[in-house]
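# requesting a structural model of the entry that follows:
(4 chains)
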There are 2 protein chains.
Amino acid sequence: MTGQVRTVDGRVAGRRGQATRQKLLDCLSEMLSSSPYRDVKVIDVARKAGTSPATFYQYFPDVEGAVLEIAEEMAKEGAGLTELVAGRSWVGKSGWQAAEELVEGFLDFWRRNDAILRVVDLGAAEGDKRFYKIRMKILNSVTNSLTDSVKELQAKGKVDKDVSAAAMAGSLVAMLAAVASHQKGFTTWGVKQAELKPNLALLVHLGITGKKPTK
Amino acid sequence: MTGQVRTVDGRVAGRRGQATRQKLLDCLSEMLSSSPYRDVKVIDVARKAGTSPATFYQYFPDVEGAVLEIAEEMAKEGAGLTELVAGRSWVGKSGWQAAEELVEGFLDFWRRNDAILRVVDLGAAEGDKRFYKIRMKILNSVTNSLTDSVKELQAKGKVDKDVSAAAMAGSLVAMLAAVASHQKGFTTWGVKQAELKPNLALLVHLGITGKKPTK
DNA sequence: ACTTGTCCTGTCATGCCGTCAGCTTACCGA
DNA sequence: TCGGTAAGCTGACGGCATGACAGGACAAGT
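Predicted structure coming up:
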């Protein structure tokens, strides 16, 4: 069921093959960090991996296909972001702490994977369903948990009923993703990392609970 | 000062030349809407414009260069977004109205220019200063006005002093931009446009004033 | 008609794309 | 030890995009 790794022409990849494949993915990953997506060429990736373009095409249909593999891998890791929200309390001091840790964890994940996430974002915005699905997988892990938190607070009467839990959670997560993508931008702008995070946490807290946090 | 339109090799473009140039830009714009950025080729743009690749290179150094021109044009229009915030009152019912109109105007602008904004976003995220500058120009028009609004409220003691006005404004604007980029995504997700906007307005209001709006 | 400067394109060298046939290497059973 | 088989890799090739140039077409003024 797991599906063995296969080459484009249907052969099953053995040890050596998988190593080569992985090396190509690693090199591609590096290239994405150092040069514009538009300029990443198959031949450069192959050269960097010490192999030939033909070998690349044996494992991936094209650059986009290989990028999807990397993104899929990252999405698996990203599913763990649920931990940042699941089972957290949003009242009192622990609420503020939850917001802070969510911001911290999210920004960190984005910073670690910024190169590939840029491309995923672009693909999703362009309407490519495969990229869109991956983006959803990552964001959903957080959004769904947040949506539940809002609904719970609504059930207790602590949050207005006319708030759409899903829309609110989605907007907040989109905000976190956007700010994370342009972190460097903020610093050039004159906003320091140190003051950015508390403000994001404040917004998250306001959005979820509708109230100012008690720190 | 304005600088006449010039070809790559330094000649000044006359009437006919400018028309051709503009046609190339229009066709490029269209192509960006219909196909992935990575796949937009000079030859396709030229063909669509009923001319040859050589002509394209007479006016632009490459695809990226032409995209920058389009983006610059859009940025001029985007500067008008300031109107959505400047001189608005954030107290009482007019505060809620201000938030609603900001969201409406911003999302609309983004929807009208989504194809080119995708590319600008990517370029900026990749660290290209030219794209970054254009993005700033657009966002600044809103962010600066919002920052002023927050500072004003702080001076009146209506907002906590420990809020960084710039960070708050920047985060809110980043959120709007992100949600706008993935508007289609939200609908697939089960969130309707109709419930998305009020929630965004609510978040904006909460962020700026720290309080729930009076509708 | 002639001149001048703008505008467009045919052509060419270069380099990447994507595919194939065929060679080498590793594994395995007899 | 010795084939046999499948995995793994690459050289080479037609095709296409790139980017540069020089020369021809065109419009406008004299």
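# so which strand or helix has A:Leu107?
helix A:92-112 (DSSP states H and E).
# by contact count, what packs against that helix?
If you count contacts as 3 or more CB pairs under 8 Å, 6 or more residues apart in numbering or on different chains; DSSP states H and E, helix A:92-112 packs onto helix A:165-181, helix A:183-189, helix A:193-209. Backbone N, C-alpha and C define where each C-beta goes, glycine included.
# the first one: how far from the chain's middle?
What it means is helix A:165-181. Distance of helix A:165-181 from its chain centroid, counting by CA atoms, centre = their mean, to the nearest Å, is 12 Å.
# quick one: the helix or strand of chain A with the lowest mean pLDDT to chain centroid distance?
Lowest by mean pLDDT, DSSP states H and E among the helices and strands of chain A is helix A:183-189, with a mean of 77. Helix A:183-189 sits 19 Å away from the centroid of its parent chain (CA atoms, centre = their mean).
# circling back: looking at the helices and strands packed on helix A:92-112, which is closest to B:Ala201?
helix A:165-181 (10.4 Å; CB to CB).
# what packs against that closest one?
Counting contacts by 3+ CB pairs under 8 Å, 6+ apart, helix A:165-181 is packed against helix A:92-112, helix A:114-125, helix A:129-155, helix A:193-209, helix B:165-181, helix B:183-189, helix B:193-209.
# how about those helices, which one is nearest DNA strand D?
Nearest to DNA strand D among these is helix A:114-125 (18.0 Å), distances taken as CB to the nearest atom of the strand.
# what's the angle from that closest one to helix B:165-181?
Interaxial angle, helix A:114-125 versus helix B:165-181 (axes from the mean of the first three to the mean of the last three CA atoms, to 10 degrees): 50 degrees.
# and stretch A:30-46, how far out from the chain middle?
How far stretch A:30-46 lies from its chain's middle: 20 Å, per CA atoms, centre = their mean.
# so for that stretch, what gets flagged as buried?
Buried positions in stretch A:30-46, judged by neighbour count with 16 or more other CB atoms under 10 Å in any protein chain shown: A:Met31, A:Leu32, A:Pro36, A:Tyr37, A:Arg38, A:Val40, A:Val42, A:Asp44, A:Val45, A:Ala46.
# against DNA strand C, how distant is the fourth one?
Noted for A:Tyr37: a distance of 12 Å to DNA strand C, by CB to the nearest atom of the strand, to the nearest Å.
# show me what contacts that residue?
By CB atoms under 8 Å, 6 or more residues apart in numbering or on different chains, the contact list for A:Tyr37 reads A:Arg118, A:Val119, A:Leu122, B:Tyr37, B:Arg38, B:Leu122, B:Glu126.
# over to the last one?
Contact criterion CB under 8 Å, 6+ apart gives A:Leu24, A:Ser52, A:Pro53, A:Thr55, A:Phe56 as the residues in contact with A:Ala46.
# show the contacting residues for the third one.
Shown in contact with A:Pro53 (CB under 8 Å, 6+ apart): A:Val42, A:Ile43, A:Ala46.
# output the below-cut-off pLDDT ranges for chain A.
By pLDDT under 70, the low-scoring segments of chain A are A:1-3, A:189.
# spatially central, which residue of chain A would that be?
Residue closest to the average C-alpha location in chain A (CA atoms, centre = their mean): A:Ile138, at 5.2 Å.
# quick check: the residue lying closest to that one once chain neighbours are set aside vs A:Arg112, distance?
Nearest non-adjacent residue to A:Ile138, counting by CB to CB, 6 or more residues apart in numbering or on different chains: A:Gly78, 3.8 Å away. Noted for A:Gly78: a distance of 10 Å to A:Arg112, by CB to CB, to the nearest Å.
# contact residues of chain A facing DNA strand D?
Contact residues, chain A versus DNA strand D (CB under 7 Å from any atom of the strand): A:7, A:11-18, A:20, A:51-55, A:58.
# try it again at 10 Å.
A:4-7, A:9-21, A:23-24, A:38-39, A:46, A:49-59 (CB under 10 Å from any atom of the strand).
# quick check on these: which are buried?
Buried, going by 16+ other CB under 10 Å: A:13, A:17, A:20-21, A:23-24, A:38, A:46, A:49, A:51, A:55-59, out of these.
# which of the three states applies to the most far-flung residue of chain A relative to its centre?
Taking CA atoms, centre = their mean, the residue of chain A most remote from its mean C-alpha position is A:Gly157, at 32.4 Å. Under DSSP: H, G, I helix; E, B strand; the rest coil, A:Gly157 falls in the coil class.
# got phi/psi on A:Gly210?
Dihedral pair for A:Gly210: phi 80, psi 0, per degrees, to the nearest 10.
# dump the residue contacts of the residue nearest to it when sequence neighbours are not counted.
Among residues not flanking A:Gly210 along the chain, A:Val159 sits closest, at 5.3 Å (CB to CB, 6+ apart). By CB under 8 Å, 6+ apart, A:Val159 lies in contact with A:Val150, A:Leu153, A:Ile208, A:Thr209, A:Gly210.
# OK, contacts around the closest residue in space to A:Phe131 that isn't next to it in sequence?
Nearest residue to A:Phe131 in three dimensions, chain neighbours excluded: A:Gly123, at 2.9 Å (CB to CB, 6+ apart). By CB under 8 Å, 6+ apart, the residues touching A:Gly123 are A:Glu64, A:Arg130, A:Phe131, A:Tyr132, B:Pro36.
# make a markdown table from those residues and add distance to B:Leu203 to it.
Putting the contacts of A:Gly123 into a markdown table (distance: CB to CB, whole Å) gives the following:
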| residue | distance to B:Leu203 |
| --- | --- |
| A:Glu64 | 34 |
| A:Arg130 | 30 |
| A:Phe131 | 26 |
| A:Tyr132 | 23 |
| B:Pro36 | 31 |
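# what angle sits between the helix holding A:Leu107 and helix A:165-181?
With the same axes, to 10 degrees defining the directions, helix A:92-112 sits at 50 degrees from helix A:165-181.
# residue contacts, A:Ala115?
A:Ala115 sits next to A:Ser29, A:Leu32, A:Ser33 when contact means CB under 8 Å, 6+ apart.
# could I get those residues as CSV with secondary structure?
Putting the contacts of A:Ala115 into CSV (three-state DSSP) gives the following:
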residue, secondary structure
A:Ser29, helix
A:Leu32, helix
A:Ser33, helix
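# return the member of these nearest to A:Gly87.
A:Ser29 (33.0 Å).
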